[in-house]
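Peer 1: fold the following, please.
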Amino acid sequence: MDPTKVQAVRDWPLPRSACAVHGFLGLAGYYWKFVHHYGTITAPLTALLKKDGFSWSEDVAAVFAALKEAVTSAPVLAMPDFSKTFVVECDASSHSFGAVLV
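Peer 2: Predicted coordinates for the structure are as follows:
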């Protein structure tokens, strides 16, 4: 991971509007495949995008910080440690297959 890009995400200011939340979720969404339970983590931020739904709180600030940490931490793209037990979660359709190590 490029340290300057990681630092840019870590320094991302607290969103003050639904538009700013949307911008951050757009950036974080690029890495959704690498963040375990991305949808669950981002649910409080996504709720802020509803019409007249923007209400920043300490709980939402904690989710924002947790998402920044999840996107910028190196283990998100780490190779598996074959000396430890891990789980492979899979999903398939008629034309593709996807998997993630947990």
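Peer 1: and the helices in this structure?
Peer 2: 3-10, 18-29, 38-47, 58-72 (DSSP state H).
Peer 1: counting by contacts, list what the helix or strand of the chain with the lowest mean pLDDT packs against.
Peer 2: Least confident helix or strand of the chain, by mean pLDDT, DSSP states H and E, is strand 97-101 with a mean of 74. Strand 97-101 is packed against strand 88-92, with contacts defined by 3 or more C-beta pairs under 8 Å, 6 or more residues apart in numbering; DSSP states H and E. For glycine as for every other residue, the C-beta is placed from the backbone atoms N, C-alpha and C.
Peer 1: between strand 97-101 and the strand it packs on, find me the angle.
Peer 2: Angle, strand 88-92 to strand 97-101, by axes from the mean of the first three to the mean of the last three C-alpha atoms, to 10 degrees: 160 degrees.
Peer 1: strand 88-92 pairs with which strands, and in what direction?
Peer 2: strand 97-101 (antiparallel) (DSSP bridges).
Peer 1: where does this protein dip in pLDDT?
Peer 2: For the chain, residues meeting the criterion pLDDT under 70 lie at 1, 74-78, 101-102.
Peer 1: and if we set it to 50?
Peer 2: For the chain, applying pLDDT under 50 flags no range at all.
Peer 1: now do the contacts for Ile41.
Peer 2: 35, 63, 66-67, 70 (C-beta atoms under 8 Å, 6 or more residues apart in numbering).
Peer 1: buried ones among these?
Peer 2: Buried members of the contacts of Ile41, scored by 16 or more other C-beta atoms under 10 Å, are 35, 63, 67, 70.
Peer 1: and of the residues you listed, the nearest to Trp12?
Peer 2: In terms of C-beta to C-beta, no member of those lies closer to Trp12 than Leu67, at 9.9 Å.
Peer 1: my guess is the closest one contacts Leu45. True?
Peer 2: Yes. Applying C-beta atoms under 8 Å, one finds Leu67 in contact with Leu45, separated by 7.0 Å.
Peer 1: surely Gly98 and Val88 touch.
Peer 2: No. Gly98 is beyond contact range of Val88, at 10.7 Å (criterion: C-beta under 8 Å).
Peer 1: returning to that earlier point: next, format the helices of the chain as CSV and append distance to Ser83.
Peer 2: As requested, the helices of the chain are arranged in CSV below (distance: least, C-beta to C-beta, whole Å):
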stretch, distance to Ser83
helix 3-10, 27
helix 18-29, 31
helix 38-47, 27
helix 58-72, 24
